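Trainee: the following block contains a protein sequence and its predicted model.
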Amino acid sequence: MKIKVFQDKRIRTHWDPDLEEWEFSVVDVVGALTDQKTPRAASTYWAVLKNRLKEEGADELLTNCKQLKMLAADGKMRLTDVATTKQLFRIIQSVPSPKAEPFKQWLAQVGAERLDEIADPEQAIMRGAEFYRAKGYSEGWINQRLQSIEMRKELTDEWKARGIDQERDYAILTNEMTRAWSGLSVRDYKEMKGLKKENLRDNMTNLELVLNMLAEVTTTAISRSRQPESFEQSRDIAIEGGSVAGSARREIEHRTGRPVVSPLNASDKRALDVGQQNIPSLDQNKTDTD
């Protein structure tokens, strides 16, 4: 799932590789078009709109709209109606909103950008770099972050090849791998950095990113070699891959006398690039219970 933004409104989306097109959360779309204040209000509006579409003879449209699990406002994965670009154009016709035409233009732009990225993957990389550059990250950090995105994709592709395709399962495996290399669960790691819903990797230092990548690359390599047939086997491999990076972390800490896992976050983006210079020594700040 990815988040797209239309006029400051978050639209949950999913790229279907088989259909080769975007699918959009219908609740998010109608909520954005009608300025609903809460997700519940948007859901209520969509329920009413469904009845109107039935009265207009759009039964086939509603039948073809499928459901996908997407991250809801309460932090849980919940089924929600999704629609392709073509289906959304029909739905928008029944939504009285001055934003309808700008939204159609936005849909066209989103589709064009995706087609450009498929034809030339470098455009996706450049777009990602511009995103982080606009937020004030350094060039050195951006280079590491973009590499980490590619490593993560290779790992999730490998998990999919092993029959693992649920976001909840990805979260479990990622948590095990993270704990194995950092000594902290993802939740504890985020709490240490003072994060809530923010992306953990966007708040890692260069060194944290490198070790996280090492954990993911190693996990991917071991999985490809052993070809696990069960979730539990993949879980063991995630721990094993994370442990390789964990050994590297402890060696770095031994040689520098400084903890790798740090409370630094994106509120000080320069610090993420220069490393651990303001972090207390290991004697003052234990990072795990190894």
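Mentor: It's in.
Trainee: pull the contacting residues for M77.
Mentor: M77 is in contact with 69-71, 166-168, counting by CB atoms under 8 Å, 6 or more residues apart in numbering. Heads up, the C-betas are built off the backbone N, CA and C, glycines and all.
Trainee: tell me where the model's unsure across this structure.
Mentor: Residues of the chain that meet the criterion pLDDT under 70 lie in 1-5, 17-20, 108-128, 274-290.
Trainee: how is the chain divided into domains?
Mentor: Using automatic domain parsing, the domain ranges for the chain come out as 2-119, 122-274.
Trainee: quick one, which of those is packed in tightest?
Mentor: Most buried of those, by mean neighbour count (mean count of other CB atoms under 10 Å): domain 122-274, with a mean of 17.
Trainee: next step: the contacts of M77 restricted to strands.
Mentor: Judged by DSSP state E, strands contain the following of these: 69-71.
Trainee: in the stretch 1-150 of the chain, which spans are helices?
Mentor: For the stretch 1-150 of the chain, applying DSSP state H, counting those that start in this stretch gives helices covering 26-33, 39-55, 59-64, 85-93, 100-119, 121-134, 139-161.
Trainee: pull the distance from the third one to the chain's centre.
Mentor: The one in question is helix 59-64. 30 Å (CA atoms, centre = their mean, to the nearest Å).
Trainee: repeat for the first one
Mentor: Here helix 26-33 shows a centroid-to-chain-centroid distance of 21 Å under the convention CA atoms, centre = their mean.
Trainee: mind listing what W159 touches?
Mentor: Here W159 is in contact with 165, 169-170, 173, 223, 234 (criterion: CB under 8 Å, 6+ apart).
Trainee: same thing with R152?
Mentor: By CB under 8 Å, 6+ apart, R152 lies in contact with 201, 216.
Trainee: now it: how far from L209?
Mentor: Separation of R152 from L209 (CB to CB, to the nearest Å): 11 Å.
Trainee: joint contacts of these two?
Mentor: R201.
Trainee: out of the ones in strands among the contacts of M77, who's nearest N203?
Mentor: Of all these, N203 sits closest to L71, with 18.7 Å by CB to CB.
Trainee: beta partners for the closest one?
Mentor: Counting by DSSP bridges, L71 is bridged to M77.
Trainee: thinking it is in contact with H14, fair?
Mentor: No. In this structure, L71 is not within contact of H14 by CB atoms under 8 Å, at 11.1 Å.
Trainee: tell me what angle the helix or strand hosting M177 forms with helix 139-161.
Mentor: Using DSSP states H and E, M177 sits within helix 167-182. Angle of helix 167-182 versus helix 139-161, following axes from the mean of the first three to the mean of the last three CA atoms, to 10 degrees, is 130 degrees.
Trainee: export helix 167-182 as PDB, just CAs?
Mentor: The C-alpha trace of helix 167-182 is given here as PDB (Å, rounded to 0.1, in the frame of the first residue of the first chain):
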ATOM      1  CA  GLU A 167       1.200  -7.000   5.700                       C
ATOM      2  CA  ARG A 168       0.800  -8.500   9.200                       C
ATOM      3  CA  ASP A 169       3.200 -11.300   8.400                       C
ATOM      4  CA  TYR A 170       5.700  -8.800   6.900                       C
ATOM      5  CA  ALA A 171       5.500  -6.800  10.200                       C
ATOM      6  CA  ILE A 172       6.200  -9.900  12.300                       C
ATOM      7  CA  LEU A 173       9.200 -10.900  10.200                       C
ATOM      8  CA  THR A 174      10.500  -7.400  10.100                       C
ATOM      9  CA  ASN A 175      10.200  -7.100  13.900                       C
ATOM     10  CA  GLU A 176      12.100 -10.300  14.400                       C
ATOM     11  CA  MET A 177      14.900  -9.200  12.100                       C
ATOM     12  CA  THR A 178      15.100  -5.800  13.600                       C
ATOM     13  CA  ARG A 179      15.300  -7.200  17.200                       C
ATOM     14  CA  ALA A 180      18.000  -9.600  16.100                       C
ATOM     15  CA  TRP A 181      20.300  -6.800  14.800                       C
ATOM     16  CA  SER A 182      19.400  -3.900  17.000                       C
END
